[in-house]
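K.L.:
prediction below, plus the sequence it came from.
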Amino acid sequence: LRDGYVFLRRIENKIRIVSDLSLDTLPKDEGKLLVLVKRLGYAADGELVKEFLEEYKWYTAKIREVFERVVR
């Protein structure tokens, strides 16, 4: 849970830099998403957005599982 929190906070901070907004969702614009992913340190190749999105989905799913166990 801690790792997921840190991961998502890093994303939120970079979204603020890339979009100049306080957002809690990923940019829809492909160019802004690419800038975000690069700023988060993912390798600059054709797979970087895919790799990032897979990691993002993994963390959010794990956090959701913990949330569901605690709340229910």
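P.N.:
Structure's in. What do you need? Numbering: from 1, shown residues only.
K.L.:
and residue 44, what's its pLDDT?
P.N.:
pLDDT recorded at residue 44 is 65.
K.L.:
I'd guessed residue 33 sits against residue 26; true?
P.N.:
Yes. Look at residue 33 against residue 26 with Cβ atoms under 8 Å: they come within range, at 6.3 Å. Glycine gets a C-beta too; all of them are placed from N, C-alpha and C.
K.L.:
just the helices in the chain please.
P.N.:
2-19, 30-39, 48-71 (DSSP state H).
K.L.:
can you redo these as JSON lines, where the extra columns are mean pLDDT and mean neighbour count?
P.N.:
Shown next, in JSON lines, are these (pLDDT from 0 to 100; neighbours: other Cβ atoms under 10 Å):
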{"stretch": "helix 2-19", "mean pLDDT": "81", "mean neighbour count": "14"}
{"stretch": "helix 30-39", "mean pLDDT": "84", "mean neighbour count": "16"}
{"stretch": "helix 48-71", "mean pLDDT": "88", "mean neighbour count": "12"}
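K.L.:
so residue 28 versus residue 68, what's the distance?
P.N.:
To residue 68, residue 28 is 27 Å away according to Cβ to Cβ, to the nearest Å.
K.L.:
likewise for residue 16?
P.N.:
Residue 16 is 28 Å from residue 68, by Cβ to Cβ.
K.L.:
and if you look at residue 10?
P.N.:
To residue 68, residue 10 is 24 Å away according to Cβ to Cβ.
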